[in-house]
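Engineer: Could you work out the structure for the sequence below:
(2 chains)
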2 protein chains.
Amino acid sequence: MPRLSEAQKSERRERILAGARRCFARHGYEGATVVRLEEEIGLSRGAIFNWFPSKEELFLALAARDNEQLHQVLAESGFEGLLEAVLEHEPDWLAVYHEFGRLFRTDPALRDRWKSVSSDEARESSLAWIASGQADGRLRRDVEPDEIARFLGLVIDGVVAQRVFGFDAPRKGLVLRLTRDAVRVQGDGEVQVSD
Amino acid sequence: MPRLSEAQKSERRERILAGARRCFARHGYEGATVVRLEEEIGLSRGAIFNWFPSKEELFLALAARDNEQLHQVLAESGFEGLLEAVLEHEPDWLAVYHEFGRLFRTDPALRDRWKSVSSDEARESSLAWIASGQADGRLRRDVEPDEIARFLGLVIDGVVAQRVFGFDAPRKGLVLRLTRDAVRVQGDGEVQVSD
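Structural biologist: A predicted model of the protein is given here:
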């Protein structure tokens, strides 16, 4: 078996991930059989599972990538950017998340693996974005950054659910406006900018 | 076949619905086979499907019931009551909704049937609750009642998704507080109480 250069290895890995993503989106998580993965990726199962030991690991690698990207979008473009990113994802792909998520309740080990795909670094960058918004008076300071993150996550999960079920995507402007009012400084707007 | 009195008919219908709900919650929508429905309900398939022509109709009848109840809770106990009701539902039962919802994207006719199970009357009572909140200054008036309803629905769908995936239910107080701030009168609180 010929040795692959580092560049070839990286290319191979990307090719497998891109094909797996198309396959999951087209057939769902359960429907993405090994035969279909081979067809969509254009490699044999031996070649595929040499890189990723299982279908589960393939999906988790894709999820880790999405997760990092979304945290980065929040840190760079705020909640509006995050909402746009989620509205741009194909419903077919979002549905794979729902299908995979169904396995969590009965498989706590898998749920922990899922939590771990959101790297601490990415998560820290989101919390830092929130903390800086609190410091400069854009975001409320009477709840912890982690709680603001949880609430934003709830809204995003609601948008994902509605898109997965094929309902009209909620109007971006509306979600943005009400969510901002939920997390901005409350009351008469008096803010201590000092820390 | 002996004729059933009206009371017996009603009792039979309730027994079928209660058994079907247990069966769906235990085995999931897909896993609730005819054999399992027979076992859980304690009636033959002939007796069951005499009342509900299909598994789909059985689920829709249960969903219609939940839907009416949730609209009623909102009208009577506000968003806090609605949130509590959703937090009290078993995750196993909520998961059936997710599983059923997956069919919507590929089956628009089913999605329309689903929409129709939320009776206009129940929906109107929720919109009336919102409009009355706007009139008496509890809720913001710069967005339509229907848009407030959509935003509340988004938050609820986010809570349901997190529970279906087996994550810790979000803290009720937090969700309540931030959601209220999203939909209450904004700015300096100046409200025209007249209308």
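Engineer: Next, the buried residues of whichever helix in chain A runs longest.
Structural biologist: Longest helix in chain A, counting residues (DSSP state H): helix A:55-88. Buried residues in helix A:55-88, defined by neighbour count with 16 or more other CB atoms under 10 Å in any protein chain shown: A:55-56, A:58-64, A:66-68, A:70-75, A:79-80, A:82-83, A:85-86. C-beta: built from backbone N, CA, C; applies to glycine.
Engineer: same deal with stretch A:6-13?
Structural biologist: For stretch A:6-13, burial by neighbour count (16+ other CB under 10 Å) applies to A:Arg12.
Engineer: before we move on, back to that, so for the helix or strand following the longest helix of chain A, what gets flagged as buried?
Structural biologist: Using DSSP states H and E, the helix or strand that follows helix A:55-88 in sequence is helix A:91-101. Within helix A:91-101, the residues that qualify as buried by neighbour count (16+ other CB under 10 Å) are A:Pro91, A:Asp92, A:Trp93, A:Leu94, A:Ala95, A:Val96, A:Tyr97, A:His98, A:Glu99, A:Phe100, A:Gly101.
Engineer: low-confidence ranges in chain A?
Structural biologist: A:1-2, A:188-195 (pLDDT under 70).
Engineer: Outline the domain layout of it.
Structural biologist: Using automatic domain parsing, the domain parsing of chain A gives A:1-53, A:63-195.
Engineer: Now the residue nearest the centre of chain A. Nearest residue, chain neighbours left out?
Structural biologist: Nearest residue to the geometric centre of chain A (CA atoms, centre = their mean): A:Asn67, 3.5 Å. Nearest residue to A:Asn67 in three dimensions, chain neighbours excluded: A:Ser118, at 4.5 Å (CB to CB, 6 or more residues apart in numbering or on different chains).
Engineer: so how far is B:Gly166 from that neighbour?
Structural biologist: Between A:Ser118 and B:Gly166 the distance is 16 Å, computed by CB to CB, to the nearest Å.
Engineer: mind listing what the residue nearest to A:Asn67 touches?
Structural biologist: Applying CB atoms under 8 Å, 6 or more residues apart in numbering or on different chains, we find A:Ser118 in contact with A:Ala64, A:Asn67, A:Glu68, A:His71.
Engineer: contacting residues around the third one?
Structural biologist: A:Glu68 is in contact with A:Ser118, A:Ser119, A:Ala122, counting by CB under 8 Å, 6+ apart.
Engineer: Which one of these is nearest to chain B?
Structural biologist: The closest of those to chain B turns out to be A:Ser118 (CB to the nearest CB; 12.3 Å).
Engineer: for chain A, what spans make up the helices?
Structural biologist: A:6-31, A:34-41, A:45-51, A:55-88, A:91-101, A:108-117, A:120-135, A:145-164, A:172-183.
Engineer: now the angle from the fourth one to helix A:145-164?
Structural biologist: The one in question is helix A:55-88. Helix A:55-88 and helix A:145-164 are oriented at 90 degrees to each other (axes from the mean of the first three to the mean of the last three CA atoms, to 10 degrees).
Engineer: now swap in the first one and tell me
Structural biologist: Relative orientation of helix A:6-31 versus helix A:145-164 (the same axes, to 10 degrees): 70 degrees.
Engineer: Helix A:6-31 packs against which elements?
Structural biologist: Counting by 3 or more CB pairs under 8 Å, 6 or more residues apart in numbering or on different chains; DSSP states H and E, the packing neighbours recorded for helix A:6-31 are helix A:34-41, helix A:45-51, helix A:55-88, helix A:91-101.
Engineer: so what does the last one touch, helix or strand wise?
Structural biologist: Which is helix A:91-101. Where contact means 3+ CB pairs under 8 Å, 6+ apart, helix A:91-101 is packed against helix A:6-31, helix A:55-88, helix A:145-164, helix B:145-164.
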